[in-house]
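[1] A predicted structure for the sequence below; I have some questions about it.
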Amino acid sequence: DAGVTQSPTHLIKTRGQQVTLRCSPKSGHDTVSWYQQALGQGPQFIFQYYEEEERQRGNFPDRFSGHQFPNYSSELNVNALLLGDSALYLCASSLAQGSYEQYFGPGTRLTVT
Amino acid sequence: AQKVTQAQTEISVVEKEDVTLDCVYETRDTTYYLFWYKQPPSGELVFLIRRNSFDEQNEISGRYSWNFQKSTSSFNFTITASQVVDSAVYFCALSEKWINFNKFYFGSGTKLNVK
């Protein structure tokens, strides 16, 4: 049973560029959440996708957008990158109905120079 | 206001010492879950334990134990006879339901150094 997978593992981008991060949920899960974890801090909720729609959003600007595909996989897009966007981006999957648990992927470490 | 507070930013202990990591949470829900995760330098969050709001029994798993007290909104984590491999950042998290979707809140983490 494959767990949550994320790609790429590491990424280096320049200020102003755009980036796309990818996540495949755990088998059987239909909901994907994205988190940003800056160095030395706890993960901060970005948004959550279910049935290909954004259902909840944290306190992040519109530069952060996402998408969920029919197979439940998801992408996180960040436009106009800032130095402050450098962080570990974690994807978590869960079941929308009847579950309080989330399973986390290994993360994508984004460095903006 | 912070939903989950981990007041200890960093703790250093000598191997074989016992150490307790504190977690205080805030919620108005009657049904919720609490979690502890370990994050080694590699970055992946490793699940340690989940407790629901209706089960206040303390739990022990090997050298790990958890003390859940609803009266003080605390969910503390104790490592007995700490080992160097326990060195990591530990996060406490709260999961609430919003309509049909769970919302996860993390504390800021406690870095544990075992020497």
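    In hand now; what should we look at?

[2] wait, does stretch B:46-60 contact chain A?
    Yes. Using CB under 8 Å from any CB of the partner chain, stretch B:46-60 comes into contact with chain A via B:47, B:50, B:52. Every residue, glycine included, has its C-beta placed from N, CA and C.

[3] Next, the residue lying closest to the second one once chain neighbours are set aside: secondary structure please.
    Excluding the flanking residues, the one nearest residue B:50 by CB to CB, 6 or more residues apart in numbering or on different chains is residue B:35, at 5.2 Å. When the structure is reduced to helix, strand and coil (DSSP: H, G, I helix; E, B strand; the rest coil), residue B:35 reads as strand.

[4] returning to what we had before: in strands, which of the residues of stretch B:46-60 next to chain A fall?
    Using DSSP state E, the subset of those located in strands is B:47, B:50, B:52.

[5] Averaging pLDDT per element, find the lowest-scoring helix or strand in chain B.
    For chain B, the helix or strand with the lowest mean confidence is strand B:101-106, at a mean of 81 (criterion: mean pLDDT, DSSP states H and E).

[6] Tell me, how many residues neighbour residue A:68?
    Neighbour count of residue A:68, defined by other CB atoms under 10 Å in any protein chain shown: 22.

[7] got the contact list for it?
    Shown in contact with residue A:68 (CB atoms under 8 Å, 6 or more residues apart in numbering or on different chains): A:32, A:49-53, A:74.

[8] what subset of the residues you listed is also close to chain B?
    When contact is defined as CB under 8 Å from any CB, the contacts of residue A:68 meet chain B at residue A:50.

[9] and which of the contacts of residue A:68 is nearest to chain B?
    Nearest to chain B out of the contacts of residue A:68 is residue A:50 (CB to the nearest CB; 6.6 Å).

[10] right, and that closest one touches residue A:95 too?
    No. Here residue A:50 lies out of contact with residue A:95, judged by CB atoms under 8 Å, at a distance of 9.8 Å.

[11] Overlap of the contact sets of these two?
    Residues touching both residue A:50 and residue A:95 (CB under 8 Å, 6+ apart) are A:30-31.

[12] got the contact list for residue A:44?
    A:35-38, A:58-60, B:106.

[13] at 6 Å what do you get?
    Residue A:44 makes contact with residue A:36, according to CB atoms under 6 Å, 6 or more residues apart in numbering or on different chains.

[14] helices or strands up against the least confident helix or strand of chain B?
    Secondary-structure packing of strand B:101-106 (3 or more CB pairs under 6 Å, 6 or more residues apart in numbering or on different chains; DSSP states H and E): strand B:88-98.

[15] what angle separates the strand it packs on from strand B:101-106?
    With axes from the mean of the first three to the mean of the last three CA atoms, to 10 degrees defining the directions, strand B:88-98 sits at 150 degrees from strand B:101-106.
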